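Q: Predicted model, plus sequence, below.
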Amino acid sequence: MTVADWIAEPTNWVYLVLALVIAVSALRVVTSTNVVHAALFLVLALAGTAGLFLLLSAEFVAWVLVLVYIGAVIVLFLFGIMITRAPTGPNVEVDHQRRAPAAMAAFLIFIVTAGSALTAFGDKQISNLGRGTSTEVIGEQLLQRFVIPFEVVSFVLLAALIGGITLARKDATPAEEMAREGSDA
Amino acid sequence: MIKLTNFAIAATETGRAAQYGEGNPFLEWAWLIVIVPFLAFLAIVFFGKRLPRRGGEIAVGAMAFVAVYAAVLFIMNVTGGVEFVGDPVEVGKIGTFAIEWGWVVDGLSSMMYLVVGLLAFLIFTYALGYMEGDVRVTWFFAAFTLFAGSMLLLVSAPNLIQLIVGWEGVGLSSYLLIGHYWEDKENSSAGMKAFYVNKVADIGLIIGAFVLAIPVGSFRISDILTAVVDNPEAIETVAMVGAVLLFIGAMGKSAQFPFHVWLPDAMAGPTPVSALMHAATMVTAGVYLVARMFPLYAEMAADARGLVITIGAITLIIAGLLAVVQDDIKKVLAYSTVSQLGYMVAALGAGAYTAGLFHLWTHAFFKGLLFLGAGSVIHSVHSNNMSDMGGLRKPMPVTFSTFVAGTLALAGIFPLAGFFSKDEVLAAFNHEGYTAVLVIGIIGAFITAFYMARTVFLTFYGTYKGHGHPHESPKVMTVPMMILAGLAVVGGWVNIPGLYTGFTEWVGTRAHPIAEHHAESFDWPVLAIGLTAALLGIVAGYLLYFKDKQTQLERDTFRIPLLWPLLEHKYYLDDLYLGGIVNPIKGPIARFVNWTNSYIFDGIVNGAGFLARAVAGVVYGVFDQRGIDLALNGLAFTTDGAGGKTRLLQTGKVQQYAGATVIGAALLVIGFVIFR
Amino acid sequence: MTPDIDYLALAPEITLAVTAVVVLMLDLFLPRSQKYWTAVVAVLGVSFAALPLIALAVSDVGERSMLGGSFVVDDFALVLKGLFVVSGYLVLLMSVSYIESDRYYQGEYYFLMLMSILGSVVLASSRDLITLFIAIELVSQPMYLLAGWRKGDLRSNEASLKYYLLGVLASALMLYGMSFVYGLTGELTLAGIAEAGAGMADDPAFIMALLFMIAGFGFKVSAVPFHFWAPDTYEGAPTPVTAYLSVSSKAAGFVALLVVLYSAFPDAAGVWGPAVWILAALSMTLANLTALRQTNIVRLLAYSSVAQAGFMLVPFAAAATTDQIGLGEAFAATVTYIVIYAFMNLGAFAVVIAGARKTGTGDIEGWGGLGSYAPGIGLLAGAFFFSLAGIPPLAGWIAKLVMFSAAMGAGSGWMVALAAIAAVNAVIALFYYARVVKTIWMDPVPATAPDEQVRTSPVAGSLGLALGLSVVVVVAAGFFPSLVTFFSEATRALAGG
Amino acid sequence: MLLNQFLILGALLFSLGIYGLLVRRNAVMVLLSIELMLNAVNVNLVAFEAFLQNANVGGQIFAIFVITVAAAEVGVGLAIILMIFRNRTSANIDELDLMKW
């Protein structure tokens, strides 16, 4: 497949735009000196990913991504940033001095992952995308074939919820606790 | 030399057809010998403190049971021959290998049961007196029982796994016992040292066991030995490796060079422990292992025997020399044990199965006796050092006379036990053509006699240099010594070439009989030389440490030897004359004899004595203390130092950890993609 | 269309889940003085979870497979579920007095513990990537939180964050690998992967996927170089949580490794065998050397557990160079080692909890003379530490023996070399294990030791029970290895041996 | 469309995430980087699904599970960070080295 063939496909144009958005915002996520900006760039990267998923006709996953991530997780992040008074202005030391070794490690991983993708899949095409995966199929699969992980993941969420609240909440002083116990009884 | 084809013939020739076997209740229940000490151990741990003697009576009772039961088995063996392997209890599986508990009663093991049981009984009884009033009597007897029990477990093993369990049990309990007086830092570290050195050698045993078991498909010793005899391809290729690895394990337990370093330090333990450890348990385990696996060494791994005999010979001479310069009476005996073990190992290496075991048998009696005697002395003068002793002959007559009996037996003086066994070992060297080893053995005999004479003279003769008033030990201690003294005298009469060779037959009954040469009569030249060497050794000791007053005063300070005979030996000769032996033949002949005596004969003897001391000093100072200890400590230091370096990887910074994780994963992938 | 669900097969999981919810509800309604009921219910619930396991073990149905083979209850699953339930039970017992003694959140603690146990029990049956992944997450996530349960303690905070960050990184690596496995084979079930992945062992992408997954599991089992979290987290986390991390959580990692490597990648043994060889050799050597220099007992046990993980990995490496029978043997060897390790290490941590209470410190030096005023604890310490060192006739020795057997049985030069490395490390390990025992028995009581009253205070009943149970297993299995090998031999069917 | 154009984007996201994980001092920003890595996995899974066209849509289901777990992970992580912040008034993770060697 030549470059000309590739460009001839209109979906690839969409891909190119989305991929550029994702790559640039991902880069900004890890280089931005402002935490809020970083979080917002993550939103952008995720939105781009959701677009990619639509392109790959995975509508349900795309909307889950938007709802769960952009809707909930990012809000959580922003709260986290506010509460921990993370540095929000520029010119703050948010990075280590050891950028070079970190970049080396990341580059090694990139070589390994991208390299194996290239050798394994060469110029394999994604075709016959059809009308996309129906939500019905996904729902059926989730509640039949994957019902056990589906149930178990609810426990993961419950555990994270209960444990997270317990860890994050401010402890009452012993005196306050006594008072509360008294009112309980 | 032994040939494979002889095996079938040997089976009918050597061992008598065993009369006792399956169905005999004594043999079926022989596992009690092993179990009773462990039950006693538990009983002592749980109830010992509440008993009047704090648990000692349980220990002695258990050992009495073992001794009596072993005696019954032994008598059965003597009268008819036993050969019995109990039905093993399978307790688990490692892959295709069964882990089994079982018990073997045959010539070899019944001899060991008796030695262990009898010695343990006598020594435990002795310990009742020796350890009286000690802070941890209960704990001591518990560990001591465990020690004896582990040894019995080892001896009874029909398979290598059980053998290893007993083996490690012996190591563990010896660690507890050596470190018994742990308030003294040196003692607890001596215990650790024993444990570590043993453990290092044990790797050889464990890997060796696997090396042999895997091609055979079984850990049973009889299966392995059968495979050796049947000579299949599979085991032939690994027999040599397996034999050497097993022997490395044996070197650790039997304190063979260069693993001997732990044994003298192990003297830090209470004396009864040393006595049992040196006489019957632990150090004999290695000899037992080689004897048990003897067909392997005799046949397939014949080349491994070269290593065995070399190590044995080196050990016997080096340790003997070391014994000469020790001041601590127990260390003299410790090095002496190492040296005697060298004899046993070298004998087995030379293919002389009976000779090696015979020396083990006699050595058990006299070395046990000597340690008990030393303990009695230490108990009395509250010091281990011979420089604090002297002149104890009078206040401690029983100890003195029994100690002398032990000394003569160890020195190999006719007709005591050591004479017969050492002679058989030397004769075997001669017969198998190991002339160099024979020479070393004879020199060793001289040295043995020399340092033992030195010990006796420094301890029991001269004037008392310690504090307080030495006194004879109580009956509970002296009676075991007297019994052992009796055995040290008569113990060798069970195997007199040409006269009565019962011992050969006793240890001959086993599933895989041993084909070896048995002399019809004494090897007279070797006997004469060996005995002479021993006598010369005693004479040298006598001259240096009894007659030579200055040496007596200065003890181990070195003196110029050439002046010494001139000054002192006239006096000696005078004394000899006054004794009335040479007086009647005064005159030129007497003068000639006198001259020869003082210049040639004495010169040789004393010169040899001096040389021995000098060499020993060098060996001890440079080699043993510095070389091997340094190597060992260096090893500990290096690993520790490496630990100090590797520790630094743990920087505490989570992102560095993450980086290491990521890079580790990436490098693994890259490595595999490239190198596949 | 409803999925076909075998409720008996799921009964242990259901019991645990119900117990967890009940504990949470109880915690909501009980007044502070009655909170101990949460502990009672949790312990009882875990015990009840053992009942359906027994029922399943004795039932005639050999192997219960459901949902297209993604959830299987076979002998392997039963044995490992049993191990997780029993070790969870012991950890809960150890937790009771520890958690009560301070201002911890009891109800939530037991809830999270039960969640993690539930995760490990699910894990043992998981036979597809998604179930496996979710189960591992359920094992881990409560532990991230519990490691920081001593909220006011900076060390506990740090332990939690380090564990969390590295854990998430490991998850990401593992997921990346899993995504490629799916892409290459088009399968999610392990059996399907084994079928579709046969012959792919030389594909670089396949190797990458496999090794990334091993890295993820290697984190859970704390194999070098994925072990860095372990010492810091072990030291900072509450001790019962550490005990759980070093036993159940580690065992969960091994279960994942076992099922994934043996049943999904049998044909790629030529890749994962050598990879695990490297991890095993590194883990044993590095951790043992570092352990020599540790002064804190928990940290020492942390490095010890890294080293033990190395020993447990040895049979994996052997699997690469052996035939089908040897494969089964190597598999069973790892299971045997895990089971024995679980009991001796839990025992060692129970001793640490009891000893730290009496000596008031985690520094080994402060433990001097413990044997003189608490001989029981001293003896137990001797039993567990010597068992860890592999001294017969304690159970640890059987574990070592089985490991050596698998390594030597493979018969290749590389495996003999690994066996030799293991042997040398067994000796090095003896140094630091014996040092602890020596300190306890042979060193004088330090001046900093707490007063008589603290030193002679009795051990809490529940902790005593945990100690007693572990020591019985450690001693009995040493004499009768069948107690363990009977179960581990039953599991080897999974490896086809 | 090529399969690889998605996979390489995934690899890029993954590597950038690792870079961020290693280089960011602020704990919240480290969490953001982790989200990038998990998102890379999702890209892979969905792309593979589109490529394979499996009837059981395993890749997409897997991606849904990953998203769910990632949400739980963020919750746990933020709780831990909050707790630490409460004790130390800083969320810089390179200051956490009480325990080492």
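A: Noted; the coordinates are in hand.

Q: Return the list of helices and strands in contact with the longest helix along chain D.
A: With secondary structure taken from DSSP state H, chain D has its longest helix at helix D:58-88. Applying 3 or more Cβ pairs under 8 Å, 6 or more residues apart in numbering or on different chains; DSSP states H and E, one finds that helix D:58-88 contacts helix A:59-64, helix A:74-83, helix A:135-143, helix A:147-168, helix C:129-147, helix C:154-185, helix D:27-52. C-betas here are computed from N, CA, C, even on glycine.

Q: Those: lowest mean pLDDT?
A: Note on the helices and strands packed on helix D:58-88: lowest mean pLDDT is at helix A:74-83, with a mean of 82.

Q: Any stretches of chain D with poor pLDDT?
A: Applying pLDDT under 70 to chain D flags residues D:101.

Q: Mind telling me which residue of it is nearest chain B?
A: residue D:100 (2.9 Å; Cβ to the nearest Cβ).

Q: quick one on the thing from earlier: closest one to chain B among the helices and strands packed on helix D:58-88?
A: Using Cβ to the nearest Cβ, these put helix C:154-185 closest to chain B, at 4.6 Å.

Q: circling back to that earlier point, of all the helices and strands packed on helix D:58-88, which one comes closest to residue B:363?
A: In terms of Cβ to Cβ, the element of the helices and strands packed on helix D:58-88 nearest to residue B:363 is helix C:154-185, at 58.7 Å.

Q: Would you mark the buried spots in that closest one?
A: Buried residues in helix C:154-185, counted by 16 or more other Cβ atoms under 10 Å in any protein chain shown: C:155-185.

Q: same thing with stretch C:455-470?
A: C:455, C:459, C:460, C:462, C:463, C:464, C:465, C:466, C:467, C:469, C:470.

Q: Using CSV, lay out the residues you listed together with secondary structure, pLDDT and distance to residue C:195.
A: CSV is the format used below for the buried residues of stretch C:455-470 (DSSP: H, G, I helix; E, B strand; the rest coil; pLDDT from 0 to 100; distance: Cβ to Cβ, whole Å):
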residue, secondary structure, pLDDT, distance to residue C:195
C:455, helix, 79, 62
C:459, coil, 85, 53
C:460, coil, 85, 52
C:462, helix, 90, 48
C:463, helix, 91, 49
C:464, helix, 91, 51
C:465, helix, 93, 47
C:466, helix, 93, 44
C:467, helix, 94, 47
C:469, helix, 94, 42
C:470, helix, 94, 41
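
Q: Name the SS class of residue C:151, please.
A: coil (DSSP: H, G, I helix; E, B strand; the rest coil).

Q: picking that back up, closest one of the buried residues of stretch C:455-470 to residue B:262?
A: Checking these one by one against residue B:262 (Cβ to Cβ), the nearest turns out to be residue C:470, at 32.4 Å.

Q: Who are the contact partners of that closest one?
A: C:90, C:343, C:344, C:346, C:347, C:350, C:384 (Cβ atoms under 8 Å, 6 or more residues apart in numbering or on different chains).

Q: Spell out which helix or strand contains the closest residue in space to it that isn't next to it in sequence, please.
A: Spatial nearest neighbour of residue C:470, excluding adjacent residues (Cβ to Cβ, 6 or more residues apart in numbering or on different chains): residue C:347 at 3.4 Å. If you go by DSSP states H and E, residue C:347 is part of helix C:324-359.

Q: again, but for residue C:377
A: Assigned by DSSP H and E, residue C:377 belongs to helix C:375-389.

Q: helices or strands up against that helix?
A: Using 3+ Cβ pairs under 8 Å, 6+ apart: helix C:375-389 touches helix C:324-359, helix C:370-373, helix C:395-410, helix C:413-442, helix C:461-479.

Q: 10 Å instead, please
A: Contact partners of helix C:375-389 among helices and strands, from 3 or more Cβ pairs under 10 Å, 6 or more residues apart in numbering or on different chains; DSSP states H and E: helix B:160-178, helix C:297-319, helix C:324-359, helix C:370-373, helix C:395-410, helix C:413-442, helix C:461-479.
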